[in-house]
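**Student:** predicted structure and sequence below. I'll ask about it afterward.
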Amino acid sequence: MAHIDAGKTTTSERILFYTGKTHRVGEVHDGAATMDWMVQEQERGITITSAATTTFWSYRDNTYHINLIDTPGHVDFTVEVERSLRVLDGAVATFCAVGAVEPQSETVWRQADKYKVPRIAYVNKMDRTGADYFNVVNEMREKLGANPVPIALPIGSEEKFEGIVDLITRKAIIFFDDKTVRDNFVIKDVPEDMIDEVDEWRGKLVESIAEYNDDLLEKFFDSPDTITEDEIVDTIRKATIGMSITPVMCGSSFKNKGVQYLLDAIVRFLPSPLDKGAVQGTDDYAREVTRQPSIKEPFCGLVFKIATDPYVGRLAFIRAYSGKLEAGSYTYNTRSDKKERVARLYQMHSNKQNPIEFVEAGDICAAVGFKDLRTGDTVCDEKHLITLESMSFPEPVIGLAIEPKTQKDLDKLGVALNKLSEEDPTFTVKTDPDSGQTIISGMGELHLEIIVDRLRREFGVEINQGAPQVNYKEALTATVEHREVFKKQTGGRGKFADIIISIGPSDEGVTGLQFVDQVKGGNIPKEFIPAVEKGFKEAMANGPLAGYTVESIKVVLKDGSFHPVDSDQLSFEICARAAFRHAAIKAKPIIMEPVMSLEVVTPEENMGDVIGDLNKRRGHITGMESKANARSVKAKVPLSEQFGYVTVLRTITSGRATSTMEFSHFAEVPANLAKDIIEKSSGRKKHTLEE
């Protein structure tokens, strides 16, 4: 996990090569990385979807089974990091030696804290100009509030970076840049000019971990030379799993330096399922139950991702926490209360499926055959029910209006959008009831750009896209009296209705049509009164200014007259519609716009820029407060000014600020803007009439 472009995928490629999973190194910039299998990833050189694989690493005569997930770094795809951290036992936080702790590094670090995931830090790109290992360590302490403990020191930096010194063994590992061999290093004694520095940092290492081991602490004060390597490794492991420290090492993945040492650190310091212990959940009576990570326990697993494969269909990625699940057997979904058959099980290697017969506690697999399954569902043994904690996903922040280009595309669009929203919980689809537009929403403009690209390439759907229309309303601000006479003679029986009304804003707290009947003496027969009410109610759908809905009005029916032959219910309904059209324009109508409650959490140094930008957007600041090393700004801002806001906010704060937005109320649009809205609306109506 890391900020975009810190080298996660490049490091993953080296891990696959050095563990023997692949036989050549794939490069991101060539579009040949194993873990970046999507066309969109290969074209852009970024990771969009998290890719899972399984590999093995030998250390000290033991072979370790590693499940690896390579996650995206771009903030638009933060859901991929969220769901991966929910099911993994440990994480490698990768930092660029030049950029140090970048904005998205902070986000993924907070996500790992949320799910209590132990992590080790890998400082990548030590060969780049400006690389500074110790600056990264300092920023981890200052910006992340972490307790970083270096377990390795770089030998040289920038173009002179040639290897690392292992502080635990006091040995130098010198690498040579060769992509064709797996043992591209030699182990030597510490260089003469680094002995004092190595002794100093080894002392700091032992001092940092001594408090987690009383025997080590005693030795540290009495006879530090008697401390063994195994004691240090065991104590670092204990402190890392307890989330008290973060071991830090370095390398240059692109230059094939330091990855084998990183793999050693993964198996030495990160937890296995046995270290994490029992998983907790609830039974169907909401009582707490646990499952040990053992194949002897009843099966339970968590579905953390749904993906659609063109060849095998709908894949459900499952992390197995206990027991054993066999292909062809049945499992129980606690959300849907249904038993479902698992047709086939696969071990995933990026986008390739390797069929397997069963999956056991601690494994990650993909299953095929489920009919009703969603991200976050628990699957378990029907006789031993357990529901595991699900995942929380952020709300979409940006929307886009789309429409199919042809009727053929229309038929395919619904199916495609349904599949994409199943895969991605941060992607939503809805139909705007006022404009009738299909609105797709996501985490950012890049997110939606990828969705539109996938619609075209994977599903063959061509669409037109545009900004969603703001849902304006209209309101009346004055009360006026009006008489409307509807008379139509066509030979034979005609149409006649006559009403006298007052129309204006409704009483406070009343929405919709507030209709008051004050007609006396039978001037209008009682059976025609509901038709008058119906006419006004239907007329409210098209306001007098720009055709937007009128939210609420008060109509008082004062008097009128009728014709014994020509009057009927339809006549009075048509008369009421005409009365609304002619009277509402005299009742000082205004256009109302939706106003949103916005909260922006930003670093202190960006506060001025954020507030200045909100003022330009007609925002009204309602409050400010401090929030854990940041400031929270609350404001009311018109929705029409908020399109593209997330992108602008990221730009002015270097991606370090986050924002949440929800509907607050409707407010009057300023006169100059209302004029533009009315002109656009009349142009739209004229265009429709001409068509």
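**Tutor:** Cool, the structure landed.

**Student:** contacts for stretch 322-333?
**Tutor:** Here stretch 322-333 makes contact (Cβ atoms under 8 Å, 6 or more residues apart in numbering) with 279, 291-301, 318, 338-345, 355-361, 367, 370, 372-373, 377-382, 385. (Each C-beta comes from the backbone N, C-alpha and C, glycine too.)

**Student:** now with 7 Å, please.
**Tutor:** Stretch 322-333 is contacted by residues 279, 291-295, 297-301, 339-342, 344-345, 357-361, 372-373, 377, 379-382, 385 when judged by Cβ atoms under 7 Å, 6 or more residues apart in numbering.

**Student:** emit the ChimeraX select command for whichever of the residues you listed are buried.
**Tutor:** Here is the ChimeraX command that selects only those of the contacts of stretch 322-333 that count as buried (16 or more other Cβ atoms under 10 Å):
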select :279,291,292,293,294,297,299,300,301,340,342,344,345,358,359,360,361,373,377,379,380,381,385
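
**Student:** now the residue lying closest to residue 63 once chain neighbours are set aside: which helix or strand?
**Tutor:** Nearest residue to residue 63, sequence neighbours excluded (Cβ to Cβ, 6 or more residues apart in numbering): residue 56, at 5.4 Å. Per DSSP states H and E, residue 56 falls inside strand 51-59.

**Student:** next SSE after that strand?
**Tutor:** In N-to-C order, the element after strand 51-59 by DSSP H and E is strand 62-70.

**Student:** count the neighbours of the residue nearest to residue 63 for me.
**Tutor:** Around residue 56 there are 11 other residues, counting by other Cβ atoms under 10 Å.

**Student:** hey, what's it bridged with?
**Tutor:** residue 65 (DSSP bridges).

**Student:** and it, what does it touch?
**Tutor:** Neighbours of residue 56 in contact, by Cβ under 7 Å, 6+ apart: 19, 63-66.

**Student:** what do you get if the cut-off is 10 Å, keeping everything else the same?
**Tutor:** When contacts are counted by Cβ atoms under 10 Å, 6 or more residues apart in numbering, residue 56 touches 19-21, 63-66.

**Student:** would you mind measuring from it to residue 175?
**Tutor:** Distance, residue 56 to residue 175, using Cβ to Cβ, to the nearest Å: 22 Å.

**Student:** what's the span of stretch 564-574, first residue to last?
**Tutor:** Its start and end residues considered, stretch 564-574 measures 17 Å (Cα to Cα, to the nearest Å).

**Student:** please read the previous query as pertaining to stretch 611-623.
**Tutor:** End-to-end distance for stretch 611-623, by Cα to Cα: 11 Å.

**Student:** mind listing residues that contact that stretch?
**Tutor:** Contacts of stretch 611-623 with the rest of the structure, by Cβ under 10 Å, 6+ apart, involve 593, 595-600, 602, 606, 610, 624, 631-638, 640-642, 645, 648-649, 651-653, 664, 667, 669-670, 673.

**Student:** let's see that with 8 Å instead.
**Tutor:** Counting by Cβ under 8 Å, 6+ apart, 598, 600, 633-638, 641-642, 645, 648-649, 652, 670 sit against stretch 611-623.

**Student:** among the residues you listed, which one has the most neighbours?
**Tutor:** Tallying neighbours with other Cβ under 10 Å puts residue 600 at the head of the contacts of stretch 611-623, with 27 neighbours.

**Student:** going on from the helix or strand harbouring that one, what's the next piece of helix or strand?
**Tutor:** Residue 600 is part of strand 589-602 when elements are defined by DSSP H and E. Per DSSP H and E, the first helix or strand lying C-terminal to strand 589-602 is helix 607-616.

**Student:** how many residues are close by residue 459?
**Tutor:** 16.

**Student:** my read is that it contacts residue 416, right?
**Tutor:** Yes - between residue 459 and residue 416 there is a contact under Cβ atoms under 8 Å: 3.8 Å.

**Student:** next, count neighbours for the closest residue to residue 551 other than its chain neighbours.
**Tutor:** Spatial nearest neighbour of residue 551, excluding adjacent residues (Cβ to Cβ, 6+ apart): residue 473 at 4.9 Å. Using other Cβ under 10 Å, residue 473 has 18 other residues around it.

**Student:** number the chain from 54, please
**Tutor:** Happy to do that; since the first residue is 54 now, the last one works out to residue 526.

**Student:** tell me which residues touch residue 526, please.
**Tutor:** 596, 601-604, 644-646, 719.

**Student:** just the buried ones out of those residues, please.
**Tutor:** Neighbour-count burial (16+ other Cβ under 10 Å) applied to these gives 596, 601, 603-604, 644-646, 719.

**Student:** quick one: secondary structure of the most centrally placed residue in the chain?
**Tutor:** Residue closest to the mean C-alpha point of the chain, counted by Cα atoms, centre = their mean, is residue 132 at 4.0 Å. When classified by DSSP: H, G, I helix; E, B strand; the rest coil, residue 132 comes out as helix.
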